[in-house]
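Enquirer: What would the 3D arrangement of this be:
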Amino acid sequence: MPRLKQIGKLFPTLKRVVASYDPATFYIYLEDIAEADLLKIRANPFTSANIEHIKTLFHEIRHYVDHVATLWGQRLILEYLKSANIRLQGDIANFKTIIKYKNQENQLFYADYYTEEYNYTPVDRMDRRWQWTTTSGIKFDAQGISDETQPIPFVHFKSFDNVPLMRMPISIASLLETNSTSEEVKWHMAYISQLSETEQPFQVKYYGNETLLKLLYNQDLALYNVAVHLAANILHISDFIEAFHISSAIATLTLNLPNNLVKNIPVKDEKFKAWGKRCQSMLDNNEHGFIYFLLLENYAPIYRQSKKFDIAELLRSSNLPDENTITEQVLSEIDIIIAEAYQQPNLKEVFIPHLENGRGFFKDLGICFKNTFVEKVILGKTPTTICNDTDVEMKSYRDAELFTLRPIKGLSISEWYNISAAINTKLTQLYEVRGV
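Expert: Numbers count the residues shown, from 1 in each chain. All right, here's what the predicted structure looks like:
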């Protein structure tokens, strides 16, 4: 089978590309696993031969769940569905909706311009971990003019001996990767729990002090690890496993907070005085990286004293309503999203099942995805998984054929892959010619 390209560009891929999640198709791609092997791996995950594969699979499944079961993801899916319909209909008057969607898509990572790399210093010991500081910067508009109303937060890393290493924006990609890597950590700890009592202490120590140390202090992966670094440093968490657990909970909450609640989160004057009006601008813009940063800062005094994560205390520290109130509001907003999806003339048969599954996932998992386990809610609703031997027939579409497809439903895996690729190409082409 020829290697399939990832059509969408929303979700990060870690390390070499052994797997990925594609938000345009809702497919998971597993480059190193055959279909028969995947069945064996899922039937018996806790073996030394299978654990890395099951971790990879659930890393991508978590990306899918974040896409369909957070308020952030539901909004993006609706915007994609609306954009696809506008382009298929040639509705020129509403092409601005496509530009808005592509702008949102491109905010996932931020442009490479905002990342600066200075020196490379490997970390191989706990006493040589990075130092860090935070700053804010501003984006550029489509004409290349700096826009003070569009600020973003940065983390600057230095080596243990003060050598500048890099500047990284706190992006949505970092929040997503914190969640998916936390899922891997959970599976690895479950694997360790199956080992003998004599093996467990050694494996826990090795996993924390060797494996996670090299993962977290890898400059090539800093874009994805910046969120867990913030959580560990701001909350004073020394245990890497606990840092992933807590950073994932707060990252998920960030992706689920309704806009009207975000704007009321308090900003500590003593911490952010130098940032001036940028703080309120980032809240008004629903700048997810800053919201995450702010939640950590507000919660820090409480957590540092108790050393126990408490969602109720986290919410109170940022003047947010209780968990049940937020849950009800998120479900109400998701219901509005699904209702609008039903009004779209085409493709709703493809998109709505994912939106409705996502609503159910959110209801079961809660605002921090800590009420139950992802593997339980996903049972029987796992997204389509393309293995390295899955047969996908390739087809290209001429414009006349693509624009007359009515309705688009009841598709095979191959048909949806090809149609999705064609639609995404049309959206990207429009975005690239704006202003030219």
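
Enquirer: any low-confidence regions in the stretch 1-150 of the chain?
Expert: Along the stretch 1-150 of the chain, segments meeting pLDDT under 70 span 1-17, 111.

Enquirer: ok, which stretches of it are strands?
Expert: 19-22, 27-30, 116-117, 131-140, 146-158 (DSSP state E, counting those that start in this stretch).

Enquirer: strands paired with the third one, and their directions?
Expert: Strand 116-117 sits in its sheet next to strand 164-169 (antiparallel), going by DSSP bridges.

Enquirer: list the buried ones in the strand it pairs with?
Expert: Residues 165-169 are the ones in strand 164-169 that count as buried (16 or more other C-beta atoms under 10 Å). Glycine gets a C-beta too; all of them are placed from N, C-alpha and C.

Enquirer: same check, this time on stretch 241-248
Expert: Buried residues in stretch 241-248, defined by neighbour count with 16+ other C-beta under 10 Å: 241-248.

Enquirer: Give me the subset of those residues lying in helices.
Expert: Among the buried residues of stretch 241-248, the members falling in helices (DSSP state H) are 241-248.

Enquirer: Closest one to Leu365 out of those residues, please.
Expert: Nearest to Leu365 among those is Ser248, at 11.7 Å by C-beta to C-beta.

Enquirer: how far away is the closest one from Glu177?
Expert: Applying C-beta to C-beta, to the nearest Å, the value for Ser248 to Glu177 is 10 Å.

Enquirer: now swap in Phe309 and tell me
Expert: 20 Å.

Enquirer: more neighbours, the two?
Expert: Shown here are Phe309 and Glu177; by other C-beta atoms under 10 Å, Glu177 has more neighbours (27 against 18).

Enquirer: CA atoms only for the host helix or strand of the more buried one - export them in PDB, please.
Expert: Using DSSP states H and E, Glu177 sits within helix 172-193. What follows is helix 172-193, C-alpha atoms only, in PDB (Å, rounded to 0.1, in the frame of the first residue of the first chain):
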ATOM      1  CA  ILE A 172      -2.600  24.300  21.400                       C
ATOM      2  CA  ALA A 173      -0.300  21.600  20.000                       C
ATOM      3  CA  SER A 174       1.500  21.600  23.300                       C
ATOM      4  CA  LEU A 175      -1.800  21.000  25.100                       C
ATOM      5  CA  LEU A 176      -2.800  18.200  22.800                       C
ATOM      6  CA  GLU A 177       0.600  16.500  23.000                       C
ATOM      7  CA  THR A 178       0.600  16.800  26.800                       C
ATOM      8  CA  ASN A 179      -2.800  14.900  26.800                       C
ATOM      9  CA  SER A 180      -1.700  12.200  24.400                       C
ATOM     10  CA  THR A 181       1.700  11.700  26.100                       C
ATOM     11  CA  SER A 182      -0.100  11.500  29.400                       C
ATOM     12  CA  GLU A 183      -2.200   8.700  27.900                       C
ATOM     13  CA  GLU A 184       1.000   6.900  27.000                       C
ATOM     14  CA  VAL A 185       2.300   7.300  30.600                       C
ATOM     15  CA  LYS A 186      -0.900   5.900  32.000                       C
ATOM     16  CA  TRP A 187      -0.600   2.800  29.800                       C
ATOM     17  CA  HIS A 188       3.100   2.300  30.700                       C
ATOM     18  CA  MET A 189       2.300   2.500  34.400                       C
ATOM     19  CA  ALA A 190      -0.500   0.000  33.900                       C
ATOM     20  CA  TYR A 191       2.100  -2.300  32.200                       C
ATOM     21  CA  ILE A 192       4.500  -1.900  35.100                       C
ATOM     22  CA  SER A 193       1.800  -2.800  37.600                       C
END
